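Sequence first, then the predicted structure, then my questions.
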Amino acid sequence: MEENAQLIFETRFVSTNVPVDSRLEELIYWGKRFFDTGMVEEAGGNLSYRTEKGFVVSGTGVYLNVLSPETVSEVIDIKEENRRYLVYANGTAVPSRECLLHSYIYQQRREINAVFHTHDETVVAIYDKLGVPCTIGEQPRGSSELASEACRVLEAEAGAQFIILRNHGIISLGKTMQEAGQLAEEIHKAALRIIE
């Protein structure tokens with residue numbers, strides 16, 4: 001999966017404060033858990049949860065096992081102008097380059113409060129044996145095309161809470177982080193059983 005070289009993100013920090021509450025602790029927990037169980041390697045994913053103003057998301061290039069208040073930010077608005085995206089955020093970490101993906105999903109699925117996107121290579125490699133929805137084509141990482149493609153699949157598969165981004169990763173959704181995290185783990189374990 002290639003990066004979109006023509007896509008420009010610029011982060012404008014509105015405040016240096018990120019909401020610190022029990023949900024942030026839970027996000028940190030899931031990042032470490034995914035890393036420790038081998039569901040992600042290095043900086044292979046991004047996790048978020050919905051807030052009153054937008055969503056808290058892990059920072060660009062941040063390993064999920066070291067999430068902290070300093071490595072996340074709260075995205076409160078995204079404006080697009082000529083393939084240039086201005087991301088308005090609270091915090092000090094540059095938000096994940098996949099923040100469009102998270103934003104599009106939160107806009108489409110009002111009941112969803114957690115979006116977990118990881119590069120679970122085990123699941124991606126055998127998605128066709130798992131019977132889970134998958135995007136038709138590959139789209140550049142961080143692009144509006146990738147976000148739109150994911151939303152098309154979610155719309156076509158009414159009520160789906162887990163999809164594959166072809167040759168890229170997985171998206172697990174939930175009304176809670178626990179729901180999104182457990183679903184991602186269940187499908188990862190199912191994939192391991194198939195390949196054993």
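Received it, and whenever you're ready, just let me know what you need.

who's in contact with Glu185?
Contact analysis of Glu185 by CB atoms under 8 Å, 6 or more residues apart in numbering lists 33, 37, 39. (C-beta placed from N, C-alpha, C; glycine too.)

switch to 10 Å and redo it
Glu185 makes contacts with 30, 33-34, 37, 39, 120, 172, as judged by CB atoms under 10 Å, 6 or more residues apart in numbering.

Out of these, which is nearest to Thr60?
Relative to Thr60, the closest of the contacts of Glu185 is Phe34; by CB to CB it sits at 17.4 Å.

ok, back up a step: please flag which of the contacts of Glu185 sit within helices.
Taking DSSP state H, the ones among the contacts of Glu185 that sit in helices are 30, 33-34.

Turn those into JSON lines, columns for pLDDT and neighbour count.
Converted to JSON lines, the ones in helices among the contacts of Glu185 look like this (pLDDT from 0 to 100; neighbours: other CB atoms under 10 Å):
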{"residue": "Trp30", "pLDDT": "97", "neighbour count": "25"}
{"residue": "Arg33", "pLDDT": "95", "neighbour count": "16"}
{"residue": "Phe34", "pLDDT": "95", "neighbour count": "24"}
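
quick one on the thing from earlier: looking at the contacts of Glu185, which one is closest to Pro19?
For those, the nearest to Pro19 is Trp30 (16.8 Å; CB to CB).

What residues of the longest helix seen in the chain count as buried?
Secondary structure of the chain per DSSP H: the longest helix is helix 177-195. For helix 177-195, burial by neighbour count (16 or more other CB atoms under 10 Å) applies to 177, 179-181, 183-185, 187-188, 190-191.

Can you list the strands that the longest strand seen in the chain pairs with?
Assignment by DSSP state E gives strand 72-81 as the longest strand of the chain. Applying DSSP bridges, strand 72-81 is found paired with strand 55-58 (antiparallel), strand 84-91 (antiparallel).

Please name the bridge partners of the residue nearest to the spatial centre of the chain.
A centroid search over the chain (CA atoms, centre = their mean) returns His117, at 3.3 Å, as the residue closest to the centre. Note on His117: beta-bridge partners by DSSP bridges are Asn46, Ile171.
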